[in-house]
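Peer 1: Here is the input, now give the coordinates:
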Amino acid sequence: MKKLFIYSILAASIMMVACDPIENRDVLSGAITADELQISATPVMVDGKKSNSIELNSDGVGCLSSWNYGNGTTTSTKTTVQLVLPGANDIVFTGLNHDGTTITKTLTVQIDTLLNVPEEWGLLCGTGEKSWVWDDTQADAVWGNGGYKGNVSPGWWKVALADIDGQAAGEGAGAEMVFAVGGSSLTKIKSDASSTKGSFVFDMSAKTMDDGGAVWAKGKLKTKNIAVLCGIQPNGGNAPVYEYDILKLDADKLVLAFPEPGAGSWGTAWFWMFKAK
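Peer 2: Numbers count the residues shown, from 1 in each chain. As a prediction, the model looks like this:
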């Protein structure tokens with residue numbers, strides 16, 4: 001009986017020791033500061049120049065990673081991304097600590113040469129962001145309809161700038177759109193200074209050919225949560241338009257089109273005529 005009692009005490013002691021941690025692990029207190037971050041953003045060298053291919057590395061930082069490099073985001077800890085503007089570019093790292101706190105750190109990279117970047121980024125967004133307004137040099141029509149794959153501006157029903165507010169209040173004279181690389185954002189500002197914000201992407205490989213085999217549209221612009229100025233379908237209950245054919249885009253002019261669903265050649269399409277502010 002005495003031996004049984006001794007064994008019982010010994011077993012209890014072992015269990016108590018086993019329940020005590022060998023080391024003091026306080027996971028939630030393992031927060032790090034921005035100064036402690038060991039991260040990098042390194043341009044890939046091409047022919048001795050810093051390219052727009054940027055190697056991001058946040059391996060082993062001890063917190064969840066998120067990178068915002070202007071024209072996109074990633075949560076990878078080690079990856080290569082493509083920036084779209086030359087010169088100095090800011091890349092913002094955001095980390096989420098175990099205790100729920102966040103930390104940010106901005107890394108600036110210099111880009112000397114652009115590779116595989118559609119020139120439309122610079123045309124549409126300038127050196128970072130760019131404002132577009134209705135093209136008031138088009139005296140007879142800045143918006144309206146015409147023939148799909150036939151016209152390149154309103155050819156049938158023509159709406160002058162002075163009449164745009166009658167179609168979309170506050171989106172005529174004095175309104176503008178701002179396309180920005182940061183977040184690939186599109187902000188629509190009405191004439192009363194109220195604004196809405198969404199995002200955009202474009203695909204310059206999505207060309208549309210006319211019946212003669214010539215390029216009619218050079219690409220597509222797609223918007224999210226926002227339409228362009230007066231971006232509506234009058235024959236579709238004024239539903240917003242989120243996908244546009246790009247007929248023209250240079251430093252000064254932007255011409256967009258949208259064919260009504262099911263429209264074939266010379267079916268009804270809508271046209272928007274803009275210019276750089």
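Peer 1: Which residue ranges of the stretch 51-200 of the chain form helices?
Peer 2: 120-125 (DSSP state H, counting those that start in this stretch).
Peer 1: what residues go with each domain of this structure?
Peer 2: Annotated domains of the chain cover 34-111, 120-276 [automatic domain parsing].
Peer 1: mind giving me a markdown table with the ones you listed and columns for mean pLDDT?
Peer 2: As requested, the domains of the chain are exported to a markdown table (pLDDT from 0 to 100):
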| stretch | mean pLDDT |
| --- | --- |
| domain 34-111 | 93 |
| domain 120-276 | 96 |
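Peer 1: Reformat those into a markdown table and put mean neighbour count next to each item.
Peer 2: Bear in mind the C-beta positions are built from the backbone N, C-alpha and C, glycine included. Converted to a markdown table, the domains of the chain look like this (neighbours: other CB atoms under 10 Å):
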| stretch | mean neighbour count |
| --- | --- |
| domain 34-111 | 16 |
| domain 120-276 | 17 |
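Peer 1: where exactly do the strands run in the stretch 51-200 of the chain?
Peer 2: Using DSSP state E, counting those that start in this stretch, the strands assigned to the stretch 51-200 of the chain run over residues 64-68, 73-74, 78-82, 87-96, 102-111, 129-134, 143-147, 158-159, 176-180, 185-189, 195-203.
Peer 1: In CSV, list these along with distance to residue 216.
Peer 2: CSV is the format used below for those (distance: least, CB to CB, whole Å):
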stretch, distance to residue 216
strand 64-68, 36
strand 73-74, 34
strand 78-82, 29
strand 87-96, 34
strand 102-111, 34
strand 129-134, 21
strand 143-147, 11
strand 158-159, 20
strand 176-180, 23
strand 185-189, 24
strand 195-203, 15
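Peer 1: Out of those strands, flag the one nearest residue 33.
Peer 2: Proximity to residue 33 (CB to CB) singles out strand 102-111 among the strands of the stretch 51-200 of the chain, at 6.3 Å.
Peer 1: what packs against that closest one?
Peer 2: strand 40-46, strand 49-57, strand 87-96 (3 or more CB pairs under 8 Å, 6 or more residues apart in numbering; DSSP states H and E).
Peer 1: List the contacts of it.
Peer 2: 32-34, 37, 39-43, 50-52, 54, 63, 83, 85-97 (CB atoms under 8 Å, 6 or more residues apart in numbering).
Peer 1: How confident was the prediction at residue 119?
Peer 2: pLDDT recorded at residue 119 is 85.
Peer 1: how close does it sit to residue 197?
Peer 2: In this view, residue 119 and residue 197 are 25 Å apart by CB to CB, to the nearest Å.
Peer 1: now do residue 260
Peer 2: Relative to residue 197, residue 260 is positioned 27 Å away (CB to CB).
Peer 1: With residue 85 instead?
Peer 2: Taken as CB to CB, the span from residue 85 to residue 197 is 20 Å.
Peer 1: cool, residue 123 as well?
Peer 2: For residue 123, the distance to residue 197 equals 21 Å [CB to CB].
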